[in-house]
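In: compute the structure for the input listed below.
(2 chains)
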Protein chains: 2
Amino acid sequence: MTQVAPQIQAQAQAQAREDFEARLRRIGAERYHDLHPFHGLLHGGGCSPDQVRAWVINRYYYQHSIPMKDAAFMSRVESPDLRRAWRSRIEDHDGCAGNEGGIRRWLRLAEAVGLDPDYVASCEGVLPATRFAVDAYVRYVRDKSLLEAVAASLTELFAPAIHASRIEGLLQNYDFADDSSLSYFRKRLSEAPKDVAFGLKWVLDHADTAEKQDQAAKALIFKTDVLWAQLDALWGAYVEPGRIPPGAWVPGEGMADARAA
Amino acid sequence: MTQVAPQIQAQAQAQAREDFEARLRRIGAERYHDLHPFHGLLHGGGCSPDQVRAWVINRYYYQHSIPMKDAAFMSRVESPDLRRAWRSRIEDHDGCAGNEGGIRRWLRLAEAVGLDPDYVASCEGVLPATRFAVDAYVRYVRDKSLLEAVAASLTELFAPAIHASRIEGLLQNYDFADDSSLSYFRKRLSEAPKDVAFGLKWVLDHADTAEKQDQAAKALIFKTDVLWAQLDALWGAYVEPGRIPPGAWVPGEGMADARAA
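Out: So this is what the prediction gives:
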């Protein structure tokens, strides 16, 4: 073994850490679902009201599964410190004193686009492909290493940009969009950065070998697949060819006015 | 409680059993993936060589997961009799003395359509949505009741018809089709009926309340979703709009001649 001066070693480590972070960010630049054409359609005002509804219904399934994912993670963490740091994610979604929580905010968006929030919350009309993708993520976090589970959460690195452009695009293009209906996204603008700063540091600290860095990168790629597959399913069912699978939501179902009538 | 003559009770039970079987068969008639337009395209000769390859690559992932599903089932079965009855399914796919097994037969089909069987076996180019759907099935069998697991396998009730029409359609319409490349399907024509006769009897015997019948019916519906979602994913990526998700197989990749060259 050669002796390396401690200073040079520290420099090399800092460089490796920087390279690894750049690698993770590149995964987002290449595969995050902001690149999916459905988002172009949605943010540019090209979605019909029913296409927006289909998105709201299916994306709800993702939202409502995220706290299950985070609980699965916590159920495997032995360090109370890490558990505590993670717990705020569940609170952000499920709500707590002084915070209605992201899931209720999402249901306000559902109401704003004319859907019955109880119908959306029932998850009845969700596309099977949405379920499969989202459930795959929950299981992934339950089964894989903690490093992979945290790394998979790092798509949040790329979320603030998409949320900001979504708020702008929806406000510009759709009547239903206002401060109340879009509060989910606005709230995430402040919540996500603290989560992801923690998650990124944790991954950079713990992926301390090339093998672990590969695992973490693979986990992040997996997560981008989970997000992308949801939009592909939406596209196939409600845009092109527009073939709705048996049992999934059909326009007209689950509307708020049907309940009032 | 009213006293019912044993004969009348037996008649009522036989009728309930018959009604339940009819209900299960109706699920197939309404939701089995023989109804999916991709199969019309494939069996009618409307698929391009690359579309056939995409189907072979993705369907391989399903094939190769089925023994994992069956092992997950067996790992939860306490009765050696039931385990033994089930074990032949794994042998049918993975092979045993005197039977190369369905997975190797599938790889012969892969070769016949010009693919490198090692590439197909690597599962590298499989669509994420295929993985999610198939993995959902494996997990389902690992997590749910034995009744639900067996009921989910009953899509095999509907398989012989699709295999027969597939053999006929492929032979008529594609040069690659011959006895060797289609041996997977021909073999399944004799294997599936014994499995499904066992599975159907087991479900009819064990679903002895309305609640259990509902569970079993729901399990079969779930399984039809798993199959349907795979074809939807194939359609979206390789037919219409033909947008291949990042990382999935792109025509030209994984060809046998590339390896020979």
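In: tell me which residues touch A:A85, please.
Out: Applying C-beta atoms under 8 Å, 6 or more residues apart in numbering or on different chains to A:A85 gives the contacts A:F198. From N, CA and C alone the C-beta is placed, and that goes for glycine too.
In: and A:H64, by the same measure?
Out: Shown in contact with A:H64 (C-beta under 8 Å, 6+ apart): A:103, A:121, A:123.
In: gap between it and chain B?
Out: Going from A:H64 to chain B by C-beta to the nearest C-beta, to the nearest Å gives 17 Å.
In: same thing with A:G44?
Out: Taken as C-beta to the nearest C-beta, the span from A:G44 to chain B is 17 Å.
In: now, among the contacts of A:H64, which is nearest to chain B?
Out: Nearest to chain B out of the contacts of A:H64 is A:C123 (C-beta to the nearest C-beta; 13.5 Å).
In: for chain B, see how far away the closest residue to that closest one other than its chain neighbours is.
Out: What sits nearest to A:C123 in space, not counting adjacent residues and going by C-beta to C-beta, 6 or more residues apart in numbering or on different chains, is A:Y61, at 5.4 Å. As judged by C-beta to the nearest C-beta, A:Y61 and chain B stand 13 Å apart.
In: what is the burial count for A:Y61?
Out: Residues contacting A:Y61 under the criterion other C-beta atoms under 10 Å in any protein chain shown number 19.
In: re earlier: from the contacts of A:H64, list the buried ones, please.
Out: Burial by neighbour count, judged by 16 or more other C-beta atoms under 10 Å in any protein chain shown, picks out A:I103 from those.
In: as CSV, the contacts of A:H64 with pLDDT would be great.
Out: Formatted as CSV, the contacts of A:H64 follow (pLDDT from 0 to 100):
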residue, pLDDT
A:I103, 94
A:A121, 95
A:C123, 95
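In: of the contacts of A:H64, which is the nearest to A:I57?
Out: A:I57 lies nearest to A:C123 out of the contacts of A:H64, by C-beta to C-beta, at 8.3 Å.
In: what's the mean pLDDT across stretch A:243-252?
Out: The average pLDDT within stretch A:243-252 is 97.
In: ugh, wrong one, I meant stretch A:159-167
Out: 93.
In: send me stretch A:135-151 as PDB with only the CA atoms.
Out: Extracted in PDB, the C-alpha atoms of stretch A:135-151 (Å, rounded to 0.1, in the frame of the first residue of the first chain):
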ATOM      1  CA  ASP A 135     -47.000  -0.400  -5.400                       C
ATOM      2  CA  ALA A 136     -43.700  -1.400  -6.900                       C
ATOM      3  CA  TYR A 137     -42.200   1.600  -5.300                       C
ATOM      4  CA  VAL A 138     -43.700   0.900  -1.900                       C
ATOM      5  CA  ARG A 139     -42.400  -2.700  -2.000                       C
ATOM      6  CA  TYR A 140     -39.000  -1.500  -3.200                       C
ATOM      7  CA  VAL A 141     -38.600   0.600  -0.100                       C
ATOM      8  CA  ARG A 142     -39.900  -2.200   2.100                       C
ATOM      9  CA  ASP A 143     -37.400  -4.800   0.600                       C
ATOM     10  CA  LYS A 144     -34.200  -3.100  -0.500                       C
ATOM     11  CA  SER A 145     -31.400  -1.600   1.500                       C
ATOM     12  CA  LEU A 146     -31.900   1.700   3.300                       C
ATOM     13  CA  LEU A 147     -29.400   3.400   1.000                       C
ATOM     14  CA  GLU A 148     -31.500   2.300  -2.000                       C
ATOM     15  CA  ALA A 149     -34.700   3.500  -0.300                       C
ATOM     16  CA  VAL A 150     -33.300   6.900   0.400                       C
ATOM     17  CA  ALA A 151     -31.700   7.200  -3.000                       C
END
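In: returning to what we had before: closest one of the contacts of A:H64 to B:A151?
Out: Within the contacts of A:H64, the smallest distance to B:A151 is 21.5 Å, found for A:C123 (C-beta to C-beta).
In: next one: the closest one relative to A:W249, how far apart?
Out: Note on A:C123: its distance to A:W249, by C-beta to C-beta, to the nearest Å, is 10 Å.
In: over to A:C96?
Out: 31 Å.
In: still on that earlier bit, which residues does the residue nearest to A:C123 contact?
Out: A:123, A:126, A:130-131, A:134.
In: in stretch A:213-230, what counts as buried?
Out: A:213, A:215-217, A:219-230.
In: A:F73 - how many residues pack around it?
Out: Counted with other C-beta under 10 Å, A:F73 comes out at 22.
In: so it is in contact with A:L147, correct?
Out: No. With contact defined as C-beta atoms under 8 Å, A:F73 does not reach A:L147; the gap is 11.5 Å.
In: out of the buried residues of stretch A:213-230, who's near chain B?
Out: When contact is defined as C-beta under 8 Å from any C-beta of the partner chain, those meet chain B at A:221, A:224-226, A:228-229.
In: hang on, the earlier thing: which one of the buried residues of stretch A:213-230 is nearest B:P241?
Out: A:W228 (14.1 Å).
In: show the contacting residues for the closest one.
Out: By C-beta under 8 Å, 6+ apart, the contact set of A:W228 is A:31, A:33, A:36, B:128, B:245-246.
In: a markdown table for these, including neighbour count, distance to A:E21 and secondary structure?
Out: Converted to a markdown table, the contacts of A:W228 look like this (neighbours: other C-beta atoms under 10 Å in any protein chain shown; distance: C-beta to C-beta, whole Å; DSSP: H, G, I helix; E, B strand; the rest coil):
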| residue | neighbour count | distance to A:E21 | secondary structure |
| --- | --- | --- | --- |
| A:R31 | 22 | 16 | helix |
| A:H33 | 22 | 21 | helix |
| A:H36 | 22 | 24 | coil |
| B:P128 | 25 | 25 | helix |
| B:P245 | 20 | 25 | coil |
| B:P246 | 16 | 21 | coil |
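In: and the furthest pair within these?
Out: Longest distance between any two of these is 12.6 Å, between A:H36 and B:P128; criterion C-beta to C-beta.
In: next, the buried residues of stretch A:249-261.
Out: For stretch A:249-261, a neighbour-count test (16+ other C-beta under 10 Å) marks A:249, A:254-256 as buried.
In: same question for stretch A:125-143.
Out: Buried positions in stretch A:125-143, judged by neighbour count with 16+ other C-beta under 10 Å: A:125-142.
In: and for stretch A:189-198?
Out: A:191-192, A:195-196, A:198.
In: let me know the closest of those residues to chain B.
Out: A:V196 (21.4 Å).
In: sorry, back to before: save the contacts of A:W228 as JSON lines, and put in distance to B:V239 too.
Out: Shown next, in JSON lines, are those (distance: C-beta to C-beta, whole Å):
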{"residue": "A:R31", "distance to B:V239": "23"}
{"residue": "A:H33", "distance to B:V239": "22"}
{"residue": "A:H36", "distance to B:V239": "18"}
{"residue": "B:P128", "distance to B:V239": "17"}
{"residue": "B:P245", "distance to B:V239": "14"}
{"residue": "B:P246", "distance to B:V239": "18"}
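In: wait, which of those is closest to B:T155?
Out: Set against B:T155, the nearest of the contacts of A:W228 by C-beta to C-beta is B:P128 (22.5 Å).
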